[in-house]
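# can't give you the sequence, but here's the structure:
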């Protein structure tokens, strides 16, 4: 769950409203309209909103959230959501050590047909 959309009272409708509101502000911050925030865009938004922030702090924020390492944050990355591939990998990594072992891979393969 995103650090920006912490679950609170109101259930999924309230969560959807919060997500839509965050999306609205994300789109406003995305000055070039490419669907991603640059470090400069995020730095400017924070500082113009009265949140004094250094570029070093922005760099650290991006380092934590930029999943595809393109130095820009998509809306999903901004929210801290996992990508489809990350979800699949976590499902394969049964012991949660960050690696898919030969045994974990073999366990997955037993569900495949010879055509797959």
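Thanks, I have the structure now. Quick caveat: nothing in here was measured; it's all calculated off a predicted structure.
# List the buried residues for stretch 34-42?
The neighbour-count criterion (16 or more other CB atoms under 10 Å) identifies 36-39, 41-42 as the buried residues of stretch 34-42. The way it works is simple: take the backbone N, C-alpha and C, and place the C-beta from them, glycine included.
# Show residues contacting that stretch.
26, 29-32, 55, 58-59, 61-62, 70-75, 78 (CB atoms under 8 Å, 6 or more residues apart in numbering).
# Mind checking which of those are buried?
26, 29-30, 58, 61-62, 72-75, 78.
# Farthest pair within those?
58 and 75 (17.3 Å; CB to CB).
# Residue 37 belongs to a helix?
No: assigned with DSSP: H, G, I helix; E, B strand; the rest coil, residue 37 falls outside any helix and is strand.
# what about it, distance to residue 25?
Computed as CB to CB, to the nearest Å, the residue 37 to residue 25 distance reads 11 Å.
# Check residue 54 too.
Distance of residue 54 to residue 25, given as CB to CB: 21 Å.
# Can you pull the poorly scored residue ranges out of the chain?
Applying pLDDT under 70 to the chain flags the ranges 1-11.
# now the helices: where do they sit in it?
Taking DSSP state H to define them, one finds helices in the chain at 11-29, 39-48, 55-65, 75-79, 84-92, 102-109.
# between those, which one is nearest to residue 115?
Closest of these to residue 115 is helix 102-109, at 12.9 Å (criterion: CB to CB).
# Identify each buried residue in the closest one, please.
By neighbour count with 16+ other CB under 10 Å, helix 102-109 contains the buried residues residue 104.
# can you give me how far that helix is from the chain middle?
With CA atoms, centre = their mean, to the nearest Å as the basis, helix 102-109 stands 27 Å off its chain's centre.
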